[in-house]
Structure formats: structure tokens, C-alpha cells
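A.B. asks: model this:
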Amino acid sequence: MDHRQLIDAAAGYLNPRMIEDRISGDVASVLVTATGRTHAGVCIDTACGTGFCAEHSAIAAMVTAGEQRISRIVAVWRSDAGEVHVLPPCGRCREFIRQMHPDNLDTDVVLDVNRSAPLRELLPEHEWPAPISAG
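C.D. replies: A predicted model of the protein is given here:
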């Protein structure tokens, strides 16, 4: 699945809906696992801040299906003008992807139709720090 196909797949899950003054489903994510399976999810906004990003939702679906290694991931949003935008993962999502499996530092994060980057480039200082030396 190339970048365009993955972006289009994610856009197919966009279905924004208002619940009181909160919106859910306005960002969608699709990921491809190391075994080639795809999983999707959407964001959920809540009044108290306990909602989660679309990437978290897609990752939860992946883990539910028994997998942890992400080969490629994308998140998208559609503007009021109907234009689809690729959204880079927020810091919380970047760390969440990393913590699912050590090899996820090599996850290909789609940033546009013709651009992507491995997670390790988007998550600097990702190694656990060494202990402070006594000397």
C-alpha cells in the first residue's frame, strides 16, 4: 500500500460528529502492521480531556488483534473546504507508537503523499538515559 492508498484509506474513516460541544471522528488513522494487516481508528474528544487521538484508536485495534509492530502509519483530517490534510503524530502519539514495540522506531510515518520519515527521526532523544555518573 503506497502513501496515497494509505491516505485514501484513512480518509474513508472520516465521519465527524458533534456530541454537545465536542467533536469525534474528525481525524482518522490507518496503520499497516509488520505482517501487512491494516487497522483503523478515529479520534474521540471528551469534555474532561480523557479522549484520545486517532493513532491511539488504530493502535488499540492492532493490539486487540494480537499485534504490536507497526510498519507504516498515517493520520488525516478534512477541512471545511473538503481538502484532506495529513497530520503528523503529536508527541504523545509518537511516544505511544515507540512503546508498543522497540522496532517501532523504524515505523514509516506518512507526512504527505510523497514524504515520510521513520519515527526515530520524529522522536529525538528516544533512548532511555544513562544513569548519572558518581564521578
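A.B. asks: Give me the residue at the spatial middle of this protein.
C.D. replies: For the chain, residue 55 is the residue whose C-alpha lies nearest the centre (CA atoms, centre = their mean; 3.1 Å).
A.B. asks: Are we agreed that that one is in a helix?
C.D. replies: Yes: counting by DSSP: H, G, I helix; E, B strand; the rest coil, one finds residue 55 located in a helix.
A.B. asks: Just grab the bridge partners of residue 76 for me.
C.D. replies: On the basis of DSSP bridges, residue 76 is bridged to residue 28, residue 86.
A.B. asks: about what we covered before: and the gap between the residue nearest to the centre of the chain and residue 128?
C.D. replies: Per CB to CB, to the nearest Å, residue 55 is found 22 Å from residue 128. Backbone N, C-alpha and C define where each C-beta goes, glycine included.
A.B. asks: for residue 84, same thing?
C.D. replies: 37 Å.
A.B. asks: what does residue 21 give?
C.D. replies: 40 Å.
A.B. asks: ditto for residue 15
C.D. replies: 39 Å.
A.B. asks: Neighbour count for those two, which is higher?
C.D. replies: Ranked by neighbour count (other CB atoms under 10 Å), residue 15 and residue 128 place residue 15 first, with 11 against 6.
A.B. asks: which residues touch the more buried one?
C.D. replies: 25, 42 (CB atoms under 8 Å, 6 or more residues apart in numbering).
A.B. asks: Recalculate using a threshold of 7 Å.
C.D. replies: residue 25 (CB atoms under 7 Å, 6 or more residues apart in numbering).
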